[in-house]
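In: Using only what follows, build the 3D model:
(one chain, ligands or ions: 1)
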Amino acid sequence: MIKNHHRWTQYTFIFGLLLLLIAAGCGSGGGNEDNAESNEENSGSESKTNYSEAVDYTITGIEPGAGISVTTEKAIKKYDSLSGWEVSLSSTAAMASELDKAVKEEEPIIITGWNPHWTFAKYPDMKYLDDPKGIYGEEEVIKTIVRQGLKEDKPNAYKLVDQFKWDVKDMESIMYESKETGDDIETVAKRWVEDNQDKVSEWTKGVEEVDGETFELVSTPWDSERSSAFVMKTVMEKLGYEVTVTPVDVAVVFESIANGDGDASLAPWMPVTHKDFYDKYSDQFEDLGPNLKGAKIGLVVPSYMDIESIKDLKPAK
Ligand code: PBE
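Out: Numbers count the residues shown, from 1 in each chain. You can find the predicted model right below:
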């Protein structure tokens, strides 16, 4: 038995070897040209050309007023590899549904992406393209800005927003829970406040209650900033404030804090995303520093795309 088995193994081996030789013979013989072509197709640079063509030299963007849209227009001007490209601007919801479609079909797509964002929780296989020119910056922070005179007019509210600090994972957990459950951000933010009293008590340390004082928080329309605004609204209402959250365009956030229409905003992204808007009014509001660190913006692709850097894209012809 054992001997027999051994012989079969030998035959199989020799047969296999013959097949290999035949296959190798074909490779170096008549099939030569075909082979060369498919090798080229598999090489990095060819497939990257195909990505640029396949996405029609278009980056799938979000709202025209967003800082990341403005920054992407700058990137298109600064990178030779993006010359002749366009960023299609519509809305965050439209971008999300384009991304959804592409990921289901494993098709190439390049989006303007950011953290904190629920996208990264839903599609963990997304990656930022390297940005050797640093157009999108490194780490972004989200800042708290207040109108001039707030410290004197509403010292307790001022102290509270000044002490407000939290982490990327706090903000992301609210955004993701809202996406998963279908509950709106305000409802989830209220739950978060109940469940995170230790964090909340750090912010309210030394803050006295008031009796119906009004407070206007100016925000942007993205879930990230709606999360911070509604968390703050919940905390303030418990202290006796009457809070309005106004979601507006980025430009209006800065304008309304500068002219004193709004009391505070927890929404500015710096040093890159909102730089142009910030610089325009920088001497007309008070900057209380970051309320969140470790944010990021950039061009983002699904990781099934074999490309690592913005410079590996190809200019439109
Ligand atoms: N974002 C989310 C915003 C700020 C918050 C990155 C889309 C923007 O680009 O302005």
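In: give the contact list for Glu225.
Out: 142, 219, 247, 266-267 (Cβ atoms under 8 Å, 6 or more residues apart in numbering). Glycine gets a C-beta too; all of them are placed from N, C-alpha and C.
In: Out of those residues, which sit inside strands?
Out: 142, 219, 247 (DSSP state E).
In: give me the subset of the contacts of Glu225 touching the ligand.
Out: Filtering those for proximity to the ligand by Cβ under 6 Å from any ligand atom leaves nothing.
In: Of all pairs in the residues you listed, which one is the farthest apart?
Out: Taking Cβ to Cβ as the measure, the contacts of Glu225 span a maximum distance of 15.3 Å, between Ile142 and Pro247.
In: So which of those two has more stuff around it?
Out: Neighbours were counted for Ile142 and for Pro247 using other Cβ atoms under 10 Å; Ile142 has more, 25 against 16.
In: For this protein, list the residues in contact with the ligand, please.
Out: So far as Cβ under 6 Å from any ligand atom goes, the chain lies against the ligand at 62, 66-68, 114, 220, 222, 224-225, 250, 269, 273, 297.
In: ok, 8 Å please
Out: 62-63, 65-71, 92, 112, 114, 117, 142, 220, 222, 224-225, 250, 267, 269, 273-274, 295, 297 (Cβ under 8 Å from any ligand atom).
In: Give me the subset of these lying in strands.
Out: 112, 114, 142, 269, 295, 297.
In: what two of those residues are the furthest from one another?
Out: Thr112 and Ile142 (17.1 Å).
In: In space, what's closest to the residue most central in space within the chain - neighbours in sequence excluded?
Out: In the chain, the centroid-proximal residue (Cα atoms, centre = their mean) is Trp114; its distance is 1.2 Å. Excluding the flanking residues, the one nearest Trp114 by Cβ to Cβ, 6 or more residues apart in numbering is Ile297, at 4.5 Å.
In: how many other residues sit next to the one you found?
Out: 24.
In: Ok, Asp283 next?
Out: 8.
In: So for Phe120, what's the pLDDT?
Out: Note on Phe120: pLDDT of 77.
In: That one: neighbour count?
Out: Phe120: 19 neighbours (other Cβ under 10 Å).
In: Same check on Pro124?
Out: Other residues close to Pro124 by other Cβ under 10 Å number 8.
In: returning to what we had before: could you dump the ones in strands among the residues of the chain next to the ligand to CSV with pLDDT?
Out: Compiled in CSV, those are given as follows (pLDDT from 0 to 100):
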residue, pLDDT
Thr112, 98
Trp114, 96
Ile142, 98
Trp269, 98
Ala295, 98
Ile297, 98
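In: what about the residue nearest to the centre of the chain, distance to Val243?
Out: For Trp114, the distance to Val243 (Cβ to Cβ, to the nearest Å) stands at 26 Å.
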